[in-house]
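Undergrad: Any chance you could fold what I've pasted below:
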Amino acid sequence: MQWEGISEFVFVAENESFTLASKKMEISTAQVSRQISALEKRLNIKLFYRTTRKVSLTEEGRVFYQHCRSVLDGLDAAERAITNLQSKPQGKIKLTAPVTYGEKQILPLVNNFVKQHSDVEVSAYLSNRQIDLSEDGYDLAIRLGKLSDSSMMAKKLGKRANYVCASPSYLDNHGIPHSIAELSQHSCLLGSSDYWHFSELGKEKSMRLKGRLRYNNGHCLTDAALKGLGIVQLPDYYVEQHLKNGDLISLLDNYRAPDEGIWAVYPQNRHLSPRIRLLVDYLAEQLA
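TA: Now for the predicted structure:
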């Protein structure tokens, strides 16, 4: 389908004048005339009766006009629909996030976002497994720490700190460690890894530790620390409130590892729709 001349044809038909059509379209009368002539030649029909005083449609022109008018109305409706999508976000968003961070930080913010935008639908899957976004049809993933997949686009939403801490009762009974080397003399509460990460003299350092409790769940590790069972290293969203309340005491702050990035990740070959971009911007604003 060739579109050249369609708009000019409709404007001339509705205004019964090449001159009026050219003024409304803000192009020259000669250009309108050329487009109509080319259209008639392409269709091999005469669309207008032309006199010095008036332009009127032929029978073929009237039939053609009715269809062209419907087509242009449809294009106008399509353009308005896209404009409305951009001004008022609507549609589905499929995202994934780590389990605990998703529960505590991301999904409460998503709930607030959905409350503000009633035409947006969100489907969220929480998993600590790194999901293939393209293969599984996800629009967005929230990732923590260093990014390993260079094929993805990413926007930094914020950062998180990891704290080494213990309860006042544990420290009263076992003393306060003043260096990372002294951790070997303490009961450490371990997660899925034996290694804790620190920064010493400007360099990142990992230290392997031992402990009699090992849980792959941050809530359980926090509970163990609160009950005086040892020293723990956990992200801020597990322990921040307990640190503020004095239920846990932050240790070895001079050795704290650099903050880790919180990222919104999406496939490189996927256009970021207005609703997804709005959600990403909202998360960045809230997590900054």
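
Undergrad: When you work out contacts or count neighbours from here on, use the C-alpha atoms and nothing else.
TA: Noted.

Undergrad: all helices for the stretch 51-200 of the chain, in order.
TA: Secondary structure of the stretch 51-200 of the chain (DSSP state H, counting those that start in this stretch): helices at 59-87, 99-101, 107-116, 133-136, 168-174.

Undergrad: Turn those into TSV, including mean pLDDT and distance to Ile276.
TA: Below are the helices of the stretch 51-200 of the chain laid out as TSV (pLDDT from 0 to 100; distance: least, Cα to Cα, whole Å):
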stretch	mean pLDDT	distance to Ile276
helix 59-87	83	11
helix 99-101	92	19
helix 107-116	96	11
helix 133-136	82	14
helix 168-174	98	44
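
Undergrad: Can you add mean neighbour count and give the ones you listed back as JSON lines?
TA: Below are the helices of the stretch 51-200 of the chain laid out as JSON lines (neighbours: other Cα atoms under 10 Å):
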{"stretch": "helix 59-87", "mean neighbour count": "13"}
{"stretch": "helix 99-101", "mean neighbour count": "16"}
{"stretch": "helix 107-116", "mean neighbour count": "14"}
{"stretch": "helix 133-136", "mean neighbour count": "12"}
{"stretch": "helix 168-174", "mean neighbour count": "15"}
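
Undergrad: With distance to Val122 added, can I get the ones you listed in JSON lines?
TA: Below are the helices of the stretch 51-200 of the chain laid out as JSON lines (distance: least, Cα to Cα, whole Å):
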{"stretch": "helix 59-87", "distance to Val122": "16"}
{"stretch": "helix 99-101", "distance to Val122": "16"}
{"stretch": "helix 107-116", "distance to Val122": "8"}
{"stretch": "helix 133-136", "distance to Val122": "15"}
{"stretch": "helix 168-174", "distance to Val122": "42"}
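
Undergrad: Where does the prediction get shaky in this protein?
TA: Residue ranges of the chain with pLDDT under 70: 1-2, 83-87, 149-150, 269-271.

Undergrad: Break it down into its domains, please.
TA: The chain breaks down into these domains under automatic domain parsing: 6-87, 91-159+260-287, 162-255.

Undergrad: ends of the longest one, how far apart?
TA: Translated: domain 91-159+260-287. Separation of the first and last residues of domain 91-159+260-287 by Cα to Cα, to the nearest Å is 24 Å.

Undergrad: Then stretch 196-216?
TA: Using Cα to Cα, the end-to-end distance of stretch 196-216 comes to 14 Å.

Undergrad: Buried ones in that stretch, by neighbour count?
TA: Trp196, His197, Phe198, Ser199, Leu209, Lys210, Arg214 (16 or more other Cα atoms under 10 Å).

Undergrad: how about the residues you listed, which pair is most distant?
TA: Greatest spatial distance in these: Ser199 and Arg214, 23.5 Å, computed using Cα to Cα.

Undergrad: Run a quick neighbour tally on the spatially closest residue to Ile131 that is not a sequence neighbour.
TA: Counting by Cα to Cα, 6 or more residues apart in numbering, the nearest residue to Ile131 once its immediate chain neighbours are dropped is Thr96, at 7.9 Å. Neighbour count of Thr96, defined by other Cα atoms under 10 Å: 25.
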